[in-house]
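Peer 1: this one's structure only:
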């Protein structure tokens, strides 16, 4: 099955905001609000940052926020910090007990 | 604190079966609200959901891998396992196990992977 579409890279300077998009179809991102985002530092396991489009798990800074419009979900990181440099992956429910990840975006803090 | 740990041989020959076990500690694999999933990541590439299982053995698989994947659970050992048959070099990846929240209640919906193992690299090579 095809991965959700994410830009390969994104960047911003400390203190700035950056938004990463995740584009799917009417059958996944467009159909469900079960969108989650994961942060992965090199050599580490992914970490849940956002679930159900906009919700943050306990302990995730409020600098991280999520949104969705149509078939595209977005992750915004405000007030960029050096430690935010990582790979970010979106995930969506596709129905019929099936899930799909995005291809990943490498966020660079300049 | 819930912890997951993958274990396996690390090297598999082409056409053979890759086998991994995930051991869960700090919590019970028999919790009714959770599934337990496998996700893989080829070197330098993105994440791919392989499949998930719950304590009673109900399984869901990625349609693209369904014919080669078997996931099973052993509640007595608090473990679940992955078998991937007929492997090729394309199956070389870091394999992660994760808790897969997949339920809803009066408070909301919970559809995500919230606890992950550190990952185990499995290489397919002769």
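Peer 2: That came in fine, so what should we check first? Source: prediction; values computed, not measured. Numbering: from 1, shown residues only, chains lettered A, B, ... in the order given.
Peer 1: Going by C-alpha atoms from here, please, whenever you check contacts or count neighbours.
Peer 2: Will do.
Peer 1: what does chain B have sitting close to chain A?
Peer 2: B:45-49, B:60-64, B:96, B:109-119 (C-alpha under 8 Å from any C-alpha of the partner chain).
Peer 1: Three-state assignment for residue B:67, please.
Peer 2: Of the three states, residue B:67 takes helix according to DSSP: H, G, I helix; E, B strand; the rest coil.
Peer 1: what's the neighbour count on it?
Peer 2: As a burial measure, residue B:67 scores 11 neighbours (other C-alpha atoms under 10 Å in any protein chain shown).
Peer 1: Tell me the spacing between it and residue B:104.
Peer 2: Distance, residue B:67 to residue B:104, by C-alpha to C-alpha, to the nearest Å: 30 Å.
Peer 1: Of the residues of chain B next to chain A, grab the buried ones for PyMOL.
Peer 2: The following PyMOL line selects those of those that are buried, judged by 16 or more other C-alpha atoms under 10 Å in any protein chain shown:
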select buried, chain B and resi 46+47+48+49+60+61+62+96+110+111+112+113+114+115+116+117+118+119
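Peer 1: For stretch A:43-53, could you pull out the residues that count as buried?
Peer 2: For stretch A:43-53, the neighbour count (16+ other C-alpha under 10 Å) marks A:45-53 as buried.
Peer 1: What ranges does chain B have for its strands?
Peer 2: B:3-7, B:11-12, B:18-25, B:34-41, B:48-54, B:59-61, B:69-74, B:79-84, B:93-105, B:108-116, B:120-124 (DSSP state E).
Peer 1: export these to CSV and tack on mean pLDDT?
Peer 2: Listed next are the strands of chain B as CSV, based on pLDDT from 0 to 100:
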stretch, mean pLDDT
strand B:3-7, 98
strand B:11-12, 96
strand B:18-25, 98
strand B:34-41, 97
strand B:48-54, 97
strand B:59-61, 97
strand B:69-74, 98
strand B:79-84, 98
strand B:93-105, 93
strand B:108-116, 92
strand B:120-124, 97
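Peer 1: With distance to residue A:95 as extra columns, can I get these in a markdown table?
Peer 2: A markdown table is the format used below for the strands of chain B (distance: least, C-alpha to C-alpha, whole Å):
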| stretch | distance to residue A:95 |
| --- | --- |
| strand B:3-7 | 27 |
| strand B:11-12 | 33 |
| strand B:18-25 | 26 |
| strand B:34-41 | 16 |
| strand B:48-54 | 14 |
| strand B:59-61 | 11 |
| strand B:69-74 | 20 |
| strand B:79-84 | 23 |
| strand B:93-105 | 12 |
| strand B:108-116 | 12 |
| strand B:120-124 | 29 |
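Peer 1: Of all these, which one is nearest residue A:80?
Peer 2: Closest approach to residue A:80 among those is made by strand B:108-116 (23.5 Å; C-alpha to C-alpha).
Peer 1: which outside residues touch that closest one?
Peer 2: A:34, A:36, A:45-48, A:51-52, A:93, B:2-4, B:96-104 (C-alpha atoms under 8 Å, 6 or more residues apart in numbering or on different chains).
Peer 1: for stretch A:42-49, same thing?
Peer 2: Contacts for stretch A:42-49 (C-alpha under 8 Å, 6+ apart): A:36-40, A:56-57, A:60, A:64, A:86-87, B:96, B:112-119.
Peer 1: which parts of chain A sit against chain B?
Peer 2: Contact residues (C-alpha under 8 Å from any C-alpha) of chain A with chain B: A:1, A:34, A:36, A:44-48, A:51-52, A:89, A:93, A:97-104.
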